[in-house]
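1. Please work out how this folds:
(2 chains)
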2 protein chains.
Amino acid sequence: MSLPTTYLKMLSTATSEGQLRMELVEKPMPDPKPNQVIVKVEATPINPSDHGVMFGLANIADAISSGSGSNTILSAPVPPQGMKAMMARLDQPLPVGNEGAGVVVAAGDDDLAQSLMGQVVAVMGGGMYGQYRAVNAAMCLPLQPGDTAKDGASCFVNPLTALGMVETMRMEDHTALVHTAAASNLGQMLVRICQADDVPLVNIVRKEEQAELLRDMGATYVVNSSSEDFAAELTDVIHETGATLGFDATGGGKLASHILSAMEAAAARTPSGYSIYGSIKHKQVYLYGGLDTSPTVLTRGYGMAWGIGGWLLPNFLAKAGEEVGTRLRTRVATELKTTFASHYTDEISLSDALQADVVRRYYSKSTGEKFLICPQKEI
Amino acid sequence: MSLPTTYLKMLSTATSEGQLRMELVEKPMPDPKPNQVIVKVEATPINPSDHGVMFGLANIADAISSGSGSNTILSAPVPPQGMKAMMARLDQPLPVGNEGAGVVVAAGDDDLAQSLMGQVVAVMGGGMYGQYRAVNAAMCLPLQPGDTAKDGASCFVNPLTALGMVETMRMEDHTALVHTAAASNLGQMLVRICQADDVPLVNIVRKEEQAELLRDMGATYVVNSSSEDFAAELTDVIHETGATLGFDATGGGKLASHILSAMEAAAARTPSGYSIYGSIKHKQVYLYGGLDTSPTVLTRGYGMAWGIGGWLLPNFLAKAGEEVGTRLRTRVATELKTTFASHYTDEISLSDALQADVVRRYYSKSTGEKFLICPQKEI
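-> Numbering: from 1, shown residues only, chains lettered A, B, ... in the order given. Sure, this is the predicted structure:
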């Protein structure tokens, strides 16, 4: 099988003139190095964790598209404070797309690379928004027979993040979890993992239909942050589960602070867990997303044994070590169509992904909406 | 020597009627248990870390005093949100005063207790705002010959906190420190420790005279948060020192966030330290005080490898272990009049400490002002 001599790849550039530009660039088809394979990318999801590299701090409300087909260009203005934060990437065209799946269509001479020829593999390699991608063979996760690229496109980010939350809970000596935006694809995976692993999980959602969706899945603890009694309801279920660790997808506003306050109020119901400086057990909320880009506001008043911080999958995997990473990846591959099944609301082409109206839809991050780029779709 | 049959002790109560009440209560003189000693308390400081137990979330601007002498009572209203946070302590009279020093005037039969008879000792035992205090002999730190109770009154909280910051830096793999409210008694100790231990220290102050005070002590890196170029100046010295750990005494507002932003901007100057998710090295700011009681506001935009959290001396000591604790205490005793010298602006009696106008002075926590209670002073 002969490969085309060039292929299209999506790049994002923050220019020193204050513009964010995303476009498709024609690249020469590489020859695979001995340990590499060429993956013909068939399916690659747009995850919230991709948005940072794609858009940085550009103002997407004012984004416009020009050109058409492979010449489509998306541009959006970057406000001055955004420029400051994006200093380190100015004028560097960055590849985008954390993960995806496709068929191995060429392979280097090494045995591992050769063994993957013709197989459907999933990759978390960055730069997946393109028609082809050369990656180290060792980075490929071969799917089980019968599983398609679409089945495996979201093999890494959401599944490993959900599994990483439960691993973090164990590593940092907690016994139950709180999760926000809990009806998301990732949230649904976490519900299934916690059911299988017998981990008490408090699910926080914003809407009643999301609460119903999770209850229909068998989730035991679901609270709606739009409820008038949210603080009291949250305190009750945190008291019941003993959760002292939370993962917050929203990042901004007071939600993380509300969770810590509820943990503190729950601890105060157990006199032995309380000192004059507040509750004794360390309470932690990790911000793993930024659905709400407003500042994080901490009212404190939850004693001194608390922490807030960023949580990022690659950092977690580096800390957890190779053995844990392999164990988690193996679990993902074997439970791909059950625990870790992803659902997409839209399948789009590479050029569709540069249309301003489409961008605004996937950038809005409505829970339940999830876009899949199919790079082989006609541009 | 015969002891009086009763003594006065300060207690703080948050009542379910929404009042904070502080008063002197007459207690029977205890007989020391075999492993205990009775300390006649001569000097005990009012540290910011005492304010939480003393006042909780009461509104001190509206505090009033009634009665006089040993019948002085301070009362202050507690706003509704404060009541919620103080639920766990309602209607329980709490002893106050973390640390102090005095003479051992009675001792139990155990050898250690007996060996302390007549000695001047420092104690971090809580309940030190009183004329006497029964404590376990093992909790006493005998001062060196010639050192007085006033010399040793602040032996624990500030010295061990300052030493604990440097220990935390080493335990958590950082190599330099940022400190706020850096001209405080504690800040001055930290300057001396970092000079002795060769640790680069970035001192943040609010006023030019505080900056001068620290420079006169030989501090190398001093930045004034009132400067128009504060962000740029802070970034420069953080870049120079490589500091990725900060200790913030203010707690509220945006100062902690500014420190993280400066750490991120400093990291961005070193391309290898930077990924598409921001700087790679974990950046941490601990809030160890609450001089600013307004909410902590985090603008984020410093990547994903960051954390904010409470830092409390007893929690640190528990985590660091007995061996570290002993090493730090020994250093304090031997350097009591040099590295760890404390200065007091006012010496007051137990009843003075309940006068509303005096309370408002020490509650305001002006840097440089520090009150010492002398419980043997006439009430």
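
2. A:Ile38 - that's part of a strand, no?
-> Yes. Per DSSP: H, G, I helix; E, B strand; the rest coil, A:Ile38 lies within a strand segment.

3. And it, how far from chain B?
-> From A:Ile38 across to chain B, the span is 23 Å (C-beta to the nearest C-beta, to the nearest Å). (Glycine included, C-beta is placed from N, CA and C.)

4. out of everything not next to it in sequence, what's closest to that residue?
-> With C-beta to C-beta, 6 or more residues apart in numbering or on different chains as the criterion, A:Ile38 has its nearest non-adjacent residue at 4.0 Å, and that residue is A:Ala106.

5. do the same with A:Ala211
-> Leaving out its chain neighbours, A:Ala211 is closest to A:Val222 (C-beta to C-beta, 6+ apart), at 4.7 Å.

6. Report the contact partners of that neighbour.
-> A:182, A:203, A:205, A:211, A:214-215 (C-beta atoms under 8 Å, 6 or more residues apart in numbering or on different chains).

7. Closest to B:Gly56 out of those?
-> Comparing those against B:Gly56 with C-beta to C-beta picks out A:Asn203 as the nearest, at 33.3 Å.

8. about what we covered before: which members of the contacts of A:Val222 are the farthest-apart pair?
-> Applying C-beta to C-beta across the contacts of A:Val222, the maximum distance is between A:Ala182 and A:Arg215, 11.2 Å.

9. residues touching A:Ile373, list them.
-> A:43-46, A:97, A:100, A:129, A:347-350, A:352-353.

10. gap between the residue lying closest to it once chain neighbours are set aside and A:Leu372?
-> Computed as C-beta to C-beta, 6+ apart, the closest residue to A:Ile373 that is not its neighbour in sequence is A:Thr44, at 5.0 Å. Per C-beta to C-beta, to the nearest Å, A:Thr44 is found 7 Å from A:Leu372.

11. Overlap of the contact sets of these two?
-> Common neighbours of A:Thr44 and A:Leu372 (criterion: C-beta under 8 Å, 6+ apart): A:Ala153.

12. These two: who's more crowded?
-> Higher neighbour count among A:Thr44 and A:Leu372: A:Thr44, with 32 against 20, using other C-beta atoms under 10 Å in any protein chain shown.

13. on that earlier part again, just the contacts of A:Val222 now: which is nearest B:Ile259?
-> For the contacts of A:Val222, the residue nearest B:Ile259 by C-beta to C-beta is A:Ala182; the value is 32.2 Å.

14. Return the backbone torsion pair for the closest one.
-> The phi/psi pair for A:Ala182 (degrees, to the nearest 10) reads phi -70, psi -10.

15. What count of nearby residues applies to it?
-> With other C-beta under 10 Å as criterion, A:Ala182 counts 28.

16. Likewise for the one 10 residues further on?
-> As a burial measure, the neighbour count of A:Arg192 was computed by other C-beta under 10 Å and equals 18.

17. Repeat that for the one 5 residues further on.
-> Residues lying near A:Asp197 (other C-beta under 10 Å) number 12.

18. picking up where we left off before, report the secondary structure state of the residue nearest to A:Ile373.
-> When the rule is three-state DSSP, A:Thr44 gets the label strand.

19. Just want the most central residue of chain A.
-> Against the mean C-alpha coordinate of chain A, by C-alpha atoms, centre = their mean, the closest residue is A:Ser49 at 4.5 Å.

20. what about it, helix or strand, and which?
-> A:Ser49 is part of helix A:48-55 when elements are defined by DSSP states H and E.

21. If you count contacts, what does that helix end up packed against?
-> When contacts are defined as 3 or more C-beta pairs under 8 Å, 6 or more residues apart in numbering or on different chains; DSSP states H and E, helix A:48-55 sits against strand A:6-14.

22. Is the helix or strand just after the strand it packs on positioned near chain B?
-> Downstream of strand A:6-14, the next assigned helix or strand under DSSP H and E is strand A:19-28. No. Interface with chain B: strand A:19-28 contributes nothing (C-beta under 8 Å from any C-beta of the partner chain), its closest point being 14.0 Å away.

23. List the strands paired with strand A:19-28, with their directions.
-> In the sheet, strand A:19-28 lines up against strand A:6-14 (antiparallel), strand A:73-77 (antiparallel) (DSSP bridges).

24. Can you lay out those as CSV showing distance to A:Val121?
-> Listed next are these as CSV, based on distance: least, C-beta to C-beta, whole Å:
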stretch, distance to A:Val121
strand A:6-14, 17
strand A:73-77, 29
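
25. Nearest to chain B: which residue in the stretch 51-200 of chain A?
-> Taking C-beta to the nearest C-beta, chain B has its nearest neighbour within the stretch 51-200 of chain A at A:Ala88, 4.1 Å off.

26. Just the buried residues out of the contacts of A:Ile373, in PyMOL syntax.
-> To isolate the buried ones among those in PyMOL, judged by 16 or more other C-beta atoms under 10 Å in any protein chain shown, type:
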select buried, chain A and resi 43+44+45+46+97+100+129+348+349+350+352+353
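
27. will you turn the contacts of A:Ile373 into a markdown table that also has pLDDT?
-> Shown next, in a markdown table, are these (pLDDT from 0 to 100):
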| residue | pLDDT |
| --- | --- |
| A:Ala43 | 98 |
| A:Thr44 | 98 |
| A:Pro45 | 97 |
| A:Ile46 | 96 |
| A:Gly97 | 97 |
| A:Gly100 | 97 |
| A:Tyr129 | 98 |
| A:Glu347 | 97 |
| A:Ile348 | 97 |
| A:Ser349 | 98 |
| A:Leu350 | 98 |
| A:Asp352 | 97 |
| A:Ala353 | 97 |
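
28. Looking at the contacts of A:Ile373, which one is closest to chain B?
-> A:Gly97 (11.7 Å).

29. Identify the residues contacting that closest one.
-> A:10, A:44, A:50, A:126-130, A:373.

30. Tell me the strands beside the helix or strand bottoming out on mean pLDDT in chain A, with direction?
-> Of the helices and strands making up chain A, the lowest-confidence element is strand A:274-275, at a mean of 74, by mean pLDDT, DSSP states H and E. Sheet pairing of strand A:274-275 (DSSP bridges) gives strand A:278-279 (antiparallel).

31. where does chain A have low pLDDT?
-> Along chain A, the model assigns pLDDT under 70 to residues A:1, A:366-368.

32. Where do the helices of it begin and end?
-> Using DSSP state H, the helices assigned to chain A run over residues A:48-55, A:80-85, A:111-115, A:149-152, A:157-171, A:185-197, A:208-216, A:230-241, A:255-267, A:313-320, A:322-334, A:356-363.

33. contacts for the third one?
-> Contacts to helix A:111-115, defined as C-beta under 8 Å, 6+ apart, come from residues A:32, A:34-37, A:107-108, A:137-138.

34. May I have that helix exported as PDB, CA atoms only?
-> Output of helix A:111-115 as PDB, limited to C-alpha atoms (Å, rounded to 0.1, in the frame of the first residue of the first chain):
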ATOM      1  CA  ASP A 111      10.000  -6.100  15.800                       C
ATOM      2  CA  LEU A 112       7.500  -4.200  18.000                       C
ATOM      3  CA  ALA A 113       6.800  -1.700  15.200                       C
ATOM      4  CA  GLN A 114       6.400  -4.500  12.600                       C
ATOM      5  CA  SER A 115       4.100  -6.400  14.900                       C
END
